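# sequence unknown, structure follows:
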């Protein structure tokens, strides 16, 4: 039982990080109906931003979190402006290919600059508490707390503010909404900024929990988050969070039963099975095709 | 001169070129007329053309978006390696190697059939995700099979991929896909791209068309993988990752979708470009995707998108000459 509780906490921690990244995938898909394959690499780069920041200037955790989130948001907006906006009215395939290409550009640039994994300096000295046989570190609480806080803030933003309303409106009808005076470009840029900033937060949290970072993290971790977004129903913000915690649990409990090399196999098989039986994810609504 | 190229070639010219080309490959190989590096690049070129044309069938002519082609390559590579190293190692490469290549192709084709079944329910983005999941499953599946070496890879594969075999398979691929897309049945594949629902309403069996496209495409992907394995003589699951798939995508979209000549040009340009950029190391893999992005923004049709070099078009596609009516 203790073992189970311990694993549940690990699953929550992993799921929280996945959720932050998955939100970025899901928001962009919801607004633009486009898979932003570069998002995983944006997350990866954000932890390198964090590393650079700490090497230049050892700032406390909260400051690092905010600075990295800002820097990553700028990167996200830049990618949107340079690569995606010229293709907004192009065939959908062009946009997916471009996103894939952008991701690889970011990943391989990072790889060329830093060919080896980097060790992250400690951001935060965790304290560990024991509850019976279960140990919880303050870092785990912090990760779960920051993630849940950001998710609640995002949910509030999307459901209760004017900009959130504009985002939902663009998701529903991108042709009519600009006629109503909504600044579409601005709202889309902001969607990317928020998505990337959440990815940046995930980058900082991930780097403090698993302090060895490498350029392949975008594929190893970022794409798992993408799987989470798809499992939850891509385009659906709450679905992304649900999918992320489901995926975190599946991954952690897989390793308790099978050798850890089976983790990817199980995760991607789960994705395939879910897409076969529930093609639009757990909370997604089927897209109606109009003839 | 230019008018001459706008028409189908005189009868027999294409065949003459073909025979001359294959003979040249044989002679070059037999008498060692080129050094090992040039030979390596030429074989790579052939494999790349096979990969590019076969992916173009799904991504170009059928208009779907598959990122799983490296997965088919992996299946073909591993199965053919098993045949030539473990199951038929006693055989003479003369008949054993083609058998291994066909086996690899069939394996990939069978899995392509399953993936084609999945494409009935979903298309567009979700199909892209399914092919991505397929790629990841193949890669991590292979890493967990100790029989084929697991993550360390498959060692000691014989060097059976000759220039001649590569040329033969390249020609076979081009010929098969040309005949498929210009056939009555193949029009259905193109119709799926243009408008699936309308095609269905007109009586095109879109399910059959999709299955055929997936099976043929993955069969030749597997063939290319088999040739690749016997060229490098060492494969590991990490080779067949999303980067490999993206390389094939770059070739397809550089050359242009729905075009045989475009596929050849795209694969050729890519092969030589990646050789020229070799000294840049990993920066090479920054430049290639960057080319892809710039292409999508500034020239989404690639070099020859939706156009074809008339010599590759069957004679019956041209209007009959006035005198011969």
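Arrived safely, thanks for sending. Remember, predicted model here, so these are calculated numbers, not experimental data. Residues are numbered from 1 along each chain as shown, chains lettered A, B, ... in the order given.
# mind listing the strands for the stretch 201-325 of chain B?
For the stretch 201-325 of chain B, no strands are identified by DSSP state E, counting those that start in this stretch.
# what residue ranges in chain B score low on pLDDT?
Low-confidence segments of chain B (pLDDT under 70): B:1-5, B:123, B:320-325.
# List the buried residues in the strand or helix carrying residue A:99.
For residue A:99, the host element (DSSP states H and E) is helix A:92-113. The neighbour-count check on helix A:92-113 (16 or more other Cβ atoms under 10 Å in any protein chain shown) flags A:92-112 as buried. For glycine as for every other residue, the C-beta is placed from the backbone atoms N, C-alpha and C.
# That helix close to chain B?
Yes - using Cβ under 8 Å from any Cβ of the partner chain, helix A:92-113 reaches chain B at A:92-98, A:100-105, A:108-109, A:111-112.
# Might you report the residue contacts of the residue most central in space within chain B?
Compute the mean C-alpha point of chain B, and by Cα atoms, centre = their mean the closest residue is residue B:51, 2.0 Å away. Residue B:51 is in contact with B:69, B:73, B:220-221, B:224, B:248, B:251, B:267, counting by Cβ atoms under 8 Å, 6 or more residues apart in numbering or on different chains.
# Can I get those residues in a markdown table including distance to chain A and neighbour count?
Supplementary listing: the contacts of residue B:51 in a markdown table, determined by distance: Cβ to the nearest Cβ, whole Å; neighbours: other Cβ atoms under 10 Å in any protein chain shown:
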| residue | distance to chain A | neighbour count |
| --- | --- | --- |
| B:69 | 13 | 32 |
| B:73 | 18 | 36 |
| B:220 | 21 | 31 |
| B:221 | 18 | 34 |
| B:224 | 21 | 34 |
| B:248 | 12 | 26 |
| B:251 | 12 | 30 |
| B:267 | 17 | 28 |
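# Identify those among those residues that sit within helices.
When the contacts of residue B:51 are checked against helices (DSSP state H), the matches are B:69, B:73, B:220-221, B:224, B:248, B:251, B:267.
# Count the residues that sit near residue 263.
Picked chain A for this. A total of 17 residues lie near residue A:263 under the criterion other Cβ atoms under 10 Å in any protein chain shown.
# try again with chain B
34.
# near chain B, which residues of the stretch 1-150 of chain A show up?
By the rule Cβ under 8 Å from any Cβ, the part of the stretch 1-150 of chain A lying against chain B is A:33, A:35, A:83, A:86-87, A:90-98, A:100-105, A:108-109, A:111-112, A:115.
# repeat that for 10 Å
Contact residues, the stretch 1-150 of chain A versus chain B (Cβ under 10 Å from any Cβ of the partner chain): A:29, A:33-35, A:37-38, A:79, A:82-87, A:90-113, A:115.
# In chain B, what residue spans correspond to helices?
Under DSSP H, chain B gives helices at B:2-5, B:13-31, B:36-56, B:69-81, B:93-118, B:125-143, B:163-181, B:184-194, B:196-201, B:206-232, B:242-255, B:260-276, B:284-298.
# Is there proximity between the fifth one and chain A?
When you say that, I think you mean helix B:93-118. Yes - on the criterion Cβ under 10 Å from any Cβ, helix B:93-118 is in touch with chain A at B:115, B:117-118.
# List the buried residues of that helix.
B:93, B:96-97, B:99-109, B:111-112, B:115-116, B:118.
# ditto for the last one
Applying a neighbour-count criterion of 16+ other Cβ under 10 Å, the buried positions in helix B:284-298 are B:284-286, B:288-293, B:295-297.
# Switch the residues you listed over to CSV; also include distance to residue B:259.
Listed next are the buried residues of helix B:284-298 as CSV, based on distance: Cβ to Cβ, whole Å:
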residue, distance to residue B:259
B:284, 26
B:285, 26
B:286, 27
B:288, 20
B:289, 22
B:290, 23
B:291, 18
B:292, 17
B:293, 21
B:295, 15
B:296, 17
B:297, 20
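# from those residues, which single one is nearest residue B:231?
Checking the buried residues of helix B:284-298 against residue B:231 by Cβ to Cβ gives residue B:284 as the nearest, at 19.5 Å.
# Next, the contact list for the residue nearest to the closest one when sequence neighbours are not counted, please.
In space, and not counting its chain neighbours, residue B:284 is closest to residue B:277: 4.3 Å by Cβ to Cβ, 6 or more residues apart in numbering or on different chains. The contact partners of residue B:277, by Cβ atoms under 10 Å, 6 or more residues apart in numbering or on different chains, come to B:283-288.
# Of all pairs in the residues you listed, which one is the farthest apart?
Between all members of the contacts of residue B:277, the farthest pair (by Cβ to Cβ) comes out as B:283 and B:288, at 9.9 Å.
# Identify the contacts common to the two.
A:108, B:277.
# Could you point out the helix or strand that follows the longest helix seen in chain A?
Longest helix in chain A, counting residues (DSSP H): helix A:2-32. The first helix or strand that comes after helix A:2-32 along the chain, using DSSP H and E, is helix A:39-56.
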